[in-house]
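Student: next one to model:
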Amino acid sequence: MAKPISLEKILFSQGFGTRRYCSDLVYADLVKVNGVLAEDPEERIATEGLILNVEGRNWEFHEKAYIAFHKPPNYECSHKTTHHPSVYSLLPKPFVERGVQCVGRLDFDTTGLILISDDGQFIHRMTTPKKNIGKVYEITTPEPITQKQIDHLLSGVVLDDDPEPCFASACKQLGDHALAMTIVEGRYHQVKRMMAAVGNHVAKLHRTKIGQYILPADLAEGEWRWLYPEDLQKLSKSVEVSNV
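Tutor: Next comes the predicted model:
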């Protein structure tokens, strides 16, 4: 069990501002600890199961931030954007203050599941192809998808910037113009370029799954939720190959 730490340090670790500002929040009667108004920023608090309320908003204490986010279209997965607003603008300010990063990126027009964290080791583990963690994308195409195209995706296609072929780990046809494809790499515009390489192209792209964690059906575009140990276990599981 973690040792109790001062409320000021807890608030600072969660991204509520400088340590001085966090103390001022307490002195201004703007912080509750497990429903009780806090009076002393130096009070030592046990963090296990801790629920803060800061300026009227409840906040679960998490030593490291692991969240699932449903990315809407026309947002960029970057702190320094070029043409579209940032996904970070849709998150509570404390996340940005504590330095969260997207675990990999989705193109501005791609929607669906993205992970966000301030744990560098977690980000590396989830993005390295060596871990064989699959990402499932639902692809909508303007032209019908043929079995020949699916076979080509599974056997490997060569992209113009790399002589090494990249493969779909699994493909499941969802309709004449729809395909669920699993990949374990994360090359630049990989899914779109793979579809172009087999003679089709992507009209719409949506990520539904990472590892064995599925984008929750009740998580609307632009919304986020905490990931708990059972969710992280699902994320760490390697891809299951299923081709239909």
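
Student: now residue 44. Nearest residue, chain neighbours left out?
Tutor: Once flanking residues are discounted, residue 44 sits nearest to residue 4: 4.0 Å by Cβ to Cβ, 6 or more residues apart in numbering. Heads up, the C-betas are built off the backbone N, CA and C, glycines and all.

Student: so what's the residue count around the one you found?
Tutor: 14 (other Cβ atoms under 10 Å).

Student: list the buried ones in the lowest-mean-pLDDT helix or strand in the chain?
Tutor: Here the helix or strand of the chain ranked lowest by mean pLDDT, DSSP states H and E is strand 162-166, holding a mean of 83. For strand 162-166, the buried set under the neighbour-count rule, 16 or more other Cβ atoms under 10 Å, comprises residue 166.

Student: that strand - contacts with which helices or strands?
Tutor: Packing partners of strand 162-166 (3 or more Cβ pairs under 8 Å, 6 or more residues apart in numbering; DSSP states H and E): strand 157-159.

Student: quick one: the helices in the chain, in order.
Tutor: Taking DSSP state H as the test, the helices found in the chain are 7-13, 19-27, 93-97, 120-127, 147-155, 190-197, 229-236.

Student: who does the most centrally placed residue in the chain bridge with?
Tutor: Centroid-nearest residue in the chain: residue 115, 1.2 Å away (criterion: Cα atoms, centre = their mean). Legend: beta-bridge partners of residue 115 under DSSP bridges are residue 68.

Student: domain ranges for this structure?
Tutor: For the chain, the structural domains run 5-60, 66-126+221-227, 130-210, going by automatic domain parsing.

Student: mind putting those into JSON lines with distance to residue 234?
Tutor: Shown next, in JSON lines, are those (distance: least, Cβ to Cβ, whole Å):
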{"stretch": "domain 5-60", "distance to residue 234": "19"}
{"stretch": "domain 66-126+221-227", "distance to residue 234": "9"}
{"stretch": "domain 130-210", "distance to residue 234": "9"}
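
Student: of all the ones you listed, which one is nearest residue 237?
Tutor: domain 130-210 (7.7 Å; Cβ to Cβ).
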